[in-house]
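*Asks:* coords please:
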Amino acid sequence: MKKPSFIKRFLSFLLRLAVVGALMAAFAVITFEGVTYYLTGTLMDVDDVNEKMHAASTQTAKETEETTPAEIDNGNLEATLLFVDSQDGCYEYIMLSLYNKESKALDLVLLPENASMKCPDEKLVREIKKKLPEAGESISFADVCKVYGEDRYDMLSKLIGKLCGLEIDAYDILTLDQLAEVIDAADDVSYNLDYAISYRDSDNKLKTLEGGNLRRDGRESVAILTYLDGSDSQISDRLERTSTYLNSYIGKVSGKKSEKTAKKFAKLAKTSRGKDLTSVEDILKNISGDTCLVRIAQGSEKEGIFSLDYQKIQLQLSALIKQSDSLTADSSSSSSSSDKEEESVKSSKNCSIEIYNSAYVSGLAAGWQAYLESEGYTISMIDNYQDEGPISQTRIRVTEEGMGEDLLEYFPDADLSVVDSISTGGDIRIYVGTDYTDVPEVTNYSNEEDEEYEDEDVSEDTSDDSSYDDSSDSDDSSDDSGETDDPGSYDFDTDSE
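*Replies:* The predicted structure follows:
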């Protein structure tokens, strides 16, 4: 019997393959529809599936757009950087200075020496990779210092500008020895050390700095400001020490001391300042504990690297700038009513306030943020707190006696107490419990609202908790109730907000 030709056999094979494929597809559809009907009681419409997929894609794009912070408007602000060379020249001690020309307020933001950051500017990243091809998603300040040499200050200024969403107007450079001389131009600062530390003097001789609350000269102060103890949180601990020291030092720079300090600084520092910027002497004339705030840039420390979060930092700086802008108006309002005996409660409107959602209610912190900002308060941060599960009584933690009492108008049953410090640099932290889940309606629109805050819900604020971990600072800011500064993270159904 004659065998069928090759073409006929091939066509027969294709036909059988098509039949098997059709049967498998039919079986898959019937199985899917059967399971869908069993679980939901209805059959799934293909158009409905496509519509939901499109809606999910649109929502994701919208959330991505909303979490991208816009550049901060400098306005009356002068943003400058202070670089202090390390002994080995491999990295810098960096401080961002934000001076408000209108209100004369000065905000000092400390940046870690061993930092890395994800740069939001792709063009700048490509420029850096020309000299640093191995640079990945995160760019290390130390690597920039190594490859850019004397040009590192210009590049670091560009990077920090992108990090903060600011135009950096100028920068100043000091060595550690020069910093000691500038410090010595004012009175010695009393600073408490829990234990003795070792350091090297200007002649590279090893010396010991005794523990206890003692007056420290310039060289001893520099030893305190640069000391790293080798622990997992050594960078965070150093920043905390620097913050505490600067708050004490600010009180020593006044009157003739401000003029002497400014002249010493101008003599020693290499600078890129132009004539249009306010002089250091004029800035120091108005410096005081009320007009100068010291903050630590938002980020987290892991295995000796401090990662900076540009979204949280821009949120932090936006609140600081908003606060300094309102300082003059609030001060004049306060002074005009200071003669009234009933005005005995200290206002918290010039304080940096943080709100933590401790009730597991979607959008609760964002709702209270919008309301309190409409009342004239400055909210620097919102986040979640879930270490204890939902708490039933709202807690208000303040860093000074008498602070936060005006907030009892909104949270009359809250537990208010004083803590030594808040690791993120805030003045007040509110843990909103289940007793205040009904947020009052915003009716006061006299103050300009920041849409960046208004639209942001809690789940967006903590969508990247892996890059923001306060646990390194929790020992310093735990309060009597055993709370820590690691709020954890949890997701809410944002559609219900």
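
*Asks:* report the contact partners of the spatially most central residue of the chain.
*Replies:* When C-alpha atoms, centre = their mean is applied to the chain, the residue found nearest the centroid is Gln298 (2.9 Å). Going by C-beta atoms under 8 Å, 6 or more residues apart in numbering, Gln298 touches 308-309, 312-313, 315-316, 381, 424, 468. Any C-beta I mention is one placed from the backbone N, CA and C, and that applies to glycine too.

*Asks:* any idea what the closest residue in space to Val109 that isn't next to it in sequence is bridged to?
*Replies:* The shortest distance from Val109 to any non-neighbouring residue, by C-beta to C-beta, 6 or more residues apart in numbering, is to Leu96 (4.2 Å). For Leu96, the beta-bridge assignment (DSSP bridges) gives partners Leu81, Val109.

*Asks:* thinking again about what came up before, ok, the residue nearest to the centre of the chain to Leu320 distance?
*Replies:* Distance, Gln298 to Leu320, by C-beta to C-beta, to the nearest Å: 11 Å.

*Asks:* can you list contacts of stretch 280-288?
*Replies:* Applying C-beta under 8 Å, 6+ apart, the set of residues contacting stretch 280-288 is 99, 104, 106, 250-251, 253-254, 258-259, 261-263, 265-266.

*Asks:* right, and the pair among those residues with maximum separation?
*Replies:* Greatest spatial distance among those (C-beta to C-beta): Gly251 and Ala266, at 21.9 Å.

*Asks:* one step back: inside strands: which ones of the contacts of Gln298?
*Replies:* Among the contacts of Gln298, DSSP state E puts 308, 381 in strands.

*Asks:* tell me the one of the contacts of Gln298 nearest Leu364?
*Replies:* Distance ranking of the contacts of Gln298 against Leu364, using C-beta to C-beta, places Met381 first at 14.5 Å.

*Asks:* if I pick that closest one, what's in contact with it?
*Replies:* Applying C-beta under 8 Å, 6+ apart, the residues near Met381 are 298, 312, 315-316, 319, 354-355, 424, 426, 461.

*Asks:* most neighbours among those residues, which one?
*Replies:* Neighbour tally across those (other C-beta atoms under 10 Å): the maximum, 27 neighbours, falls on Ile355.

*Asks:* quick check: closest non-adjacent residue to Ile353.
*Replies:* Per C-beta to C-beta, 6+ apart, closest to Ile353 is Ile428, 4.6 Å.

*Asks:* and that neighbour, bridged to which residues?
*Replies:* Ile353, Val398.

*Asks:* who's Cys292 bridged to?
*Replies:* Leu106.

*Asks:* now, of the contacts of stretch 280-288, which are buried?
*Replies:* 99, 104, 106, 250, 253-254, 258, 261-262, 265 (16 or more other C-beta atoms under 10 Å).

*Asks:* out of those residues, the closest to Val439 would be?
*Replies:* The closest of the buried ones among the contacts of stretch 280-288, once distances to Val439 are taken by C-beta to C-beta, is Leu106, at 33.9 Å.

*Asks:* return the per-residue confidence for the closest one.
*Replies:* What the model reports for Leu106 is a pLDDT of 90.

*Asks:* same check, this time on Leu407
*Replies:* pLDDT, read off for Leu407, is 94.

*Asks:* ok, the residue nearest to Ile353 - contacts?
*Replies:* So Ile428 contacts 348, 351-354, 396-399, 403-404, 407, 422 (C-beta under 8 Å, 6+ apart).

*Asks:* which two among these are spaced furthest apart?
*Replies:* Checking the contacts of Ile428 with C-beta to C-beta, the most distant pair is Leu407 and Ile422, at 14.9 Å.

*Asks:* and the contacts of Ile428, which is closest to Ser12?
*Replies:* Distances from Ser12 to these, taken by C-beta to C-beta, are shortest for Glu354, at 74.7 Å.

*Asks:* looks like that closest one contacts Asp383 (just checking).
*Replies:* Yes. Judged on C-beta atoms under 8 Å, Glu354 makes contact with Asp383 at a distance of 7.3 Å.

*Asks:* what average pLDDT does stretch 191-202 get?
*Replies:* For stretch 191-202, the per-residue pLDDT averages 86.

*Asks:* tell me which element Val439 falls in.
*Replies:* When elements are assigned from DSSP states H and E, Val439 belongs to no helix and no strand.

*Asks:* what about the closest residue in space to it that isn't next to it in sequence, neighbour count?
*Replies:* In this structure, Val439 finds its nearest non-sequential neighbour in Gly367, 3.8 Å apart by C-beta to C-beta, 6+ apart. Using other C-beta under 10 Å, Gly367 has 24 other residues around it.

*Asks:* my guess is Gly367 contacts Glu441, does it?
*Replies:* No. Using C-beta under 8 Å, Gly367 is not in contact with Glu441, being 9.9 Å away.

*Asks:* coming back round to it: which one in the contacts of Gln298 is the model shakiest on?
*Replies:* Lowest in pLDDT among those is Tyr468, which has 35.

*Asks:* which parts of the stretch 201-350 of the chain are strands?
*Replies:* 206-209, 212-216, 270-271, 292-296, 299-302, 305-308 (DSSP state E, counting those that start in this stretch).

*Asks:* compare the ones you listed and give me the one nearest Ala170.
*Replies:* strand 270-271 (6.7 Å).

*Asks:* which secondary structure elements does that closest one sit against?
*Replies:* Packing partners of strand 270-271 (3 or more C-beta pairs under 8 Å, 6 or more residues apart in numbering; DSSP states H and E): strand 170-174.
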